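whatever this is, show me its structure:
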Amino acid sequence: MTQNQQNHNRMQRFLKGVEWLGNLLPHPAILFVWMSVIMLVLSAVLASLGVSVADPRPMGAKGRSEDGMIYVVNLLNGEGLARIVEHLVSNFTGFVPFGTVVVALLGVGIAESSGLISASLRGLVLNAPKKLVTLVVVFAGIMSNTAAELGYVVLIPLAAMIFYSLGRHPLAGLAAAFAGVSGGYSANLLLGTVDPLLSGITQEAARIIDPDYVVGTEANWYFMAFSTFLISGLGYVITEKIVEPSLGVYNPDDADDKSVLNHKIERLTNLEKKGLIWAGVSALIFCGLLAWTVVPADGILRHPQTHLVAGSPFLKGIVVFIFVFFAVPGLVYGKITRSFKNNNDVVGAMSTSMASLSQYIVLVFFAAQFIAFFNWSNIGQVMAVSGATLLQDLGLTGPMLLVGFILICTVVNLMLASASAQWAITAPIFVPMLMLTGYAPEVIQAAYRIGDSSTNIITPMLSYFGLIMAVAIRYKKDTGVGTLMAMMLPYSVAFLTVWTLAFYVWVFVLGLPVGPGSATYYAP
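Residues are numbered from 1 along each chain as shown. This next block holds a predicted model:
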């Protein structure tokens, strides 16, 4: 057996192990049910043992007890059970990410149902010069994340077809698109539905330490916009220099479904081109009007007292502008292309986008209860103070602490690939802990996004992994789970390594904020 075969077998065993461990986990919603039950029992046990820690917050701080101690609160006594029953509904309806994601998705739903986003992706990729096709595919994959699953459903199969039509290996196109859509999940030039989702969970976790802390939707915008170009470039290099050469020359006889080789790529029609032009014009007009309210020193959407953008109505209402930014061009495109024939079609588009949230809503209900119980019991604060004290005693308080946190997130993501579920579980633990070591929630969230995205493409726990497998098998019938994961591993390693290094340089060397008004360090 050659060294390459031995390495391949080790990789197969490792990937099978990850898949086996991941399959042991229940659905994320059920996972939150069990974790909530465990939290309630744990609160009773720890409270009976009198577990407490010294409160690190200064005297007079909101929520600080008179004796300066934080005690675990029993949630299984009469008072605790009454609180649970009384607030079960409000925990759900008041969960910050829920409302913001719904509002943003209404606008994205209009743009998606009208065909605007699909046509934009097709136009971007199909019109790219041959030498830049790979780069454009990865870039389009990253940008497709503003419309949730569209990149998986539309772009990945399209990229495989385009590569085959150019005489290149179709799996190289699939890999490049998959790397952009999933490996670059958190990066984007635009604020999308993932931003309010994560920032809302971060805010809930930060309030375990600071009850008034606010994390804006735009908290990581600067760094994630920069990351769009970084990941696009990395994806291009990995595809061209490593993945495609390793695949060799494509043999059409390897296809499981020969009909896929005869598919014609649909070019944009004149009507679609007209729709895109006018949708673009409407987007520019909206951006111009928005700039008029923010750029001038006396802009009406600046902070009324300080006249700064920080803390302004513009940033506080950024989700509204995400909604309008997608809804208006979507309406224009739909009217021109006649995909929207009347007002009922527009309402139907928004209804369809809400229907896609069904599993998310179920998940949010139980995640909201878990986070509430975690907060009420004070277990989060006790863990945060104890963990922060341990890290300080060990001397692990520098930038490498966040690098270690990124690595932890990559491992967790291998078995729990849902960004919202993973962050809802880990944020209440790590955000308060890292805040007490001196880092701001916005920076902690940016670090999480690197770890979460980098291993999406090598975990079989990803909800769309089966879909990617199905597309790959159509072009190469002997493609297995290990084959696909081994093909994507170079992207994962490169993204994790270079993205983490870029984060370190951005935050700690250049001292740049990760988003508008986002602090690097937390000071109580």
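
now do Gly235 against Pro432, distance only.
35 Å (Cβ to Cβ, to the nearest Å). All C-beta spots, glycine's among them, are computed from the backbone N, C-alpha and C.

and if you look at Thr134?
Counting by Cβ to Cβ - Thr134 and Pro432 are separated by 42 Å.

how about Val103?
27 Å.

neighbour-wise, which of the two wins?
Pro432 (27 against 15; other Cβ atoms under 10 Å).

would you confirm that that one contacts Ile208?
Yes - contact status for Pro432 versus Ile208: in contact at 4.6 Å, counting by Cβ atoms under 8 Å.

joint contacts of the two?
Counting by Cβ atoms under 8 Å, 6 or more residues apart in numbering, the common neighbours of Pro432 and Ile208 are 380-381, 384.

which parts of the protein are strands?
Per DSSP state E, the chain carries strands over the ranges 52-54, 69-71.

just name the most buried of the ones you listed.
strand 69-71 (a mean of 17; mean count of other Cβ atoms under 10 Å).

where does the stretch 151-300 of the chain dip in pLDDT?
256-265 (pLDDT under 70).

all helices for it, in order.
156-165, 170-178, 194-206, 221-238, 244-247, 270-294 (DSSP state H, counting those that start in this stretch).

so which of these gets nearest Leu88?
helix 194-206 (16.2 Å; Cβ to Cβ).

neighbouring contacts of that closest one?
Contacts for helix 194-206 (Cβ under 8 Å, 6+ apart): 95-98, 100-101, 104, 145, 185-186, 213-221, 319, 322, 371, 375, 380, 419-420, 423-424, 427-428, 430-432, 435, 441-442, 444-445, 448-449.

now do the buried residues in it.
194-206 (16 or more other Cβ atoms under 10 Å).

how much space separates the residue lying closest to Ala372 once chain neighbours are set aside from Met435?
Spatially, and ignoring its direct neighbours in sequence, Ala372 is nearest to Asn91 (4.4 Å; Cβ to Cβ, 6 or more residues apart in numbering). Separation of Asn91 from Met435 (Cβ to Cβ): 22 Å.

ok, Ile277 next?
Counting by Cβ to Cβ, the gap from Ile277 to Met435 is 47 Å.

out of the two, which sits in the more crowded spot?
Ranked by neighbour count (other Cβ under 10 Å), Ile277 and Met435 place Met435 first, with 25 against 13.

now do the contacts for that one.
Per Cβ under 8 Å, 6+ apart, neighbours of Met435: 206, 209-210, 384, 441, 444, 522.

isn't Ser36 up against Ala368?
No - assessed by Cβ under 8 Å, Ser36 is found out of contact with Ala368, at 9.8 Å.

please say which of the two ends up with more neighbours.
Ala368 (27 against 21).

count of residues packed around the nearest residue to the more buried one once chain neighbours are set aside?
Nearest non-adjacent residue to Ala368, counting by Cβ to Cβ, 6+ apart: Phe95, 4.0 Å away. Phe95 has 22 neighbours, counted by other Cβ under 10 Å.
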